[in-house]
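S.K.: next come a sequence and a model predicted from it.
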Amino acid sequence: MAAAALRRAGAAGRAGARGYRAALCTQLAGPLQLRELPPRALQPHQVRVGVHYCGLNFADILACQGLYQEKHALPFTPGMEFSGTVLETGENVSTVREGCRVVGVPGTTAMAEECVVDQKMLWQVPEGVSSEDAAVLPVTYGTATLVLQHRACVQPGETVLVTAGAGATGLAVIDLAVNIFKAKVIAAAGSDAKCELALQRGASHSVNYSRSSLRDEVKRLTDGRGANVAVEAVGGDIFKAALQSLAWEGRIVVMGFAGGKIPSIPANLLLLKNVSAMGVYWTRYQEENFPVFSSTMSSALRYCQEGKIHPHIGAVFKLEEVNEAFNHVLQRQSTGKVVISMQ
């Protein structure tokens, strides 16, 4: 009772405190606005976190353009993932306490100095994992874990083809495939510099699909067998080339359409090689299979603590530079993960 009273008193005191800065989408496809917002009241199961870093995802940009599958009422604060420190807990919270370092997945609202989130969407950051690394684990490594383990069921020694191989999720797929699942990786990207980065991060081979035939190169690199798994994030003609690059009983997993064109699947290609085509939508697992969703977070944090994976942060922008960060990604300048710093 006394602890609950103290928490309520803390909430009342915080309600009278100054607000916090947040990036607001006030008009679809328009620039984000930096505004100061009043503190949100805590529900009994919620936690107030002081945000250190927020990972920027292509889905955030699509949401601010009104093009993402999940629509948000204006105005809203984007940001699907963050790391930070617990400032205050609701009276029914038992999983974390004030001062804990955490990583969170609120869906939106993370691109701000404070974030209020349900306790079940927080995981404690273990010793040895930096706040920067923790902030970039959820979406990219969560998705990559689902792709490789839950959907494609990658086996040691198999060959994995990754398109958009120098992007944030592509590099996470390479990291996990090589260091956790013990697979061989062929990374495909649109420039020599991006191909070189993928090789530095663990890929065995790379293909610049802006000037080479992806299908022919994969065939050459696998002695005609093809890749066992293709992880595809570009769409359009690259998807078709990746599908044609598969081995007998190969699996292709669709992660997204960074090229802007959603492809159709020629069903005859599935038939001829007994190929399986599947998708992965990481955030949907929050609703449909939360234990699997949560396990991807726990695994990523553990692998990072053990030094088995190494997230690649390509650029860090301050909160007041959020529009520059969005443009950096939109102009295809980014490699690895782009992070927004509140510090």
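M.R.: That came through, no problem.
S.K.: mind listing the strands the lengthiest strand in the chain pairs with, and their directions?
M.R.: Longest strand in the chain, counting residues (DSSP state E): strand 46-56. Under the criterion DSSP bridges, strand 46-56 sits next to strand 81-89 (antiparallel), strand 114-118 (antiparallel), strand 337-341 (antiparallel) in its sheet.
S.K.: for the stretch 51-200 of the chain, which segments count as helices?
M.R.: Along the stretch 51-200 of the chain, counting by DSSP state H, counting those that start in this stretch, helices occupy 58-65, 131-145, 168-179, 192-200.
S.K.: okay, the angle between the second one and strand 81-89?
M.R.: In this case it means helix 131-145. Angle of helix 131-145 versus strand 81-89, following axes from the mean of the first three to the mean of the last three CA atoms, to 10 degrees, is 120 degrees.
S.K.: now the angle from helix 131-145 to helix 58-65?
M.R.: 90 degrees.
S.K.: quick one: average confidence on helix 131-145?
M.R.: Helix 131-145 carries an average pLDDT of 97.
S.K.: CA-only coordinates of it in PDB, if you can.
M.R.: Extracted as PDB, the C-alpha positions of helix 131-145 are listed here (Å, rounded to 0.1, in the frame of the first residue of the first chain):
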ATOM      1  CA  SER A 131      22.000   1.400 -25.200                       C
ATOM      2  CA  GLU A 132      22.700   2.100 -28.800                       C
ATOM      3  CA  ASP A 133      22.900  -1.600 -29.700                       C
ATOM      4  CA  ALA A 134      19.900  -2.400 -27.600                       C
ATOM      5  CA  ALA A 135      17.800   0.100 -29.500                       C
ATOM      6  CA  VAL A 136      18.400  -1.500 -32.900                       C
ATOM      7  CA  LEU A 137      17.800  -5.100 -31.900                       C
ATOM      8  CA  PRO A 138      14.000  -5.400 -31.800                       C
ATOM      9  CA  VAL A 139      12.800  -4.800 -35.400                       C
ATOM     10  CA  THR A 140      15.900  -5.900 -37.400                       C
ATOM     11  CA  TYR A 141      17.100  -8.800 -35.300                       C
ATOM     12  CA  GLY A 142      13.600  -9.800 -34.300                       C
ATOM     13  CA  THR A 143      12.600 -10.000 -37.900                       C
ATOM     14  CA  ALA A 144      15.800 -11.800 -38.900                       C
ATOM     15  CA  THR A 145      15.300 -14.400 -36.200                       C
END
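S.K.: and it, how far out from the chain middle?
M.R.: Taking CA atoms, centre = their mean, to the nearest Å, one finds helix 131-145 lying 6 Å from the centre of the chain it belongs to.
S.K.: next one: the spatially most central residue of the chain from residue 43, what distance?
M.R.: The residue lying closest to the centre of the chain (CA atoms, centre = their mean) is residue 139, at 2.3 Å. Residue 139 is 25 Å from residue 43, where distance means CB to CB, to the nearest Å. (Each C-beta comes from the backbone N, C-alpha and C, glycine too.)
S.K.: show me the shaky parts of this structure.
M.R.: Residues of the chain meeting the criterion pLDDT under 70: 1-17.
S.K.: having no further points to raise, I will conclude here.
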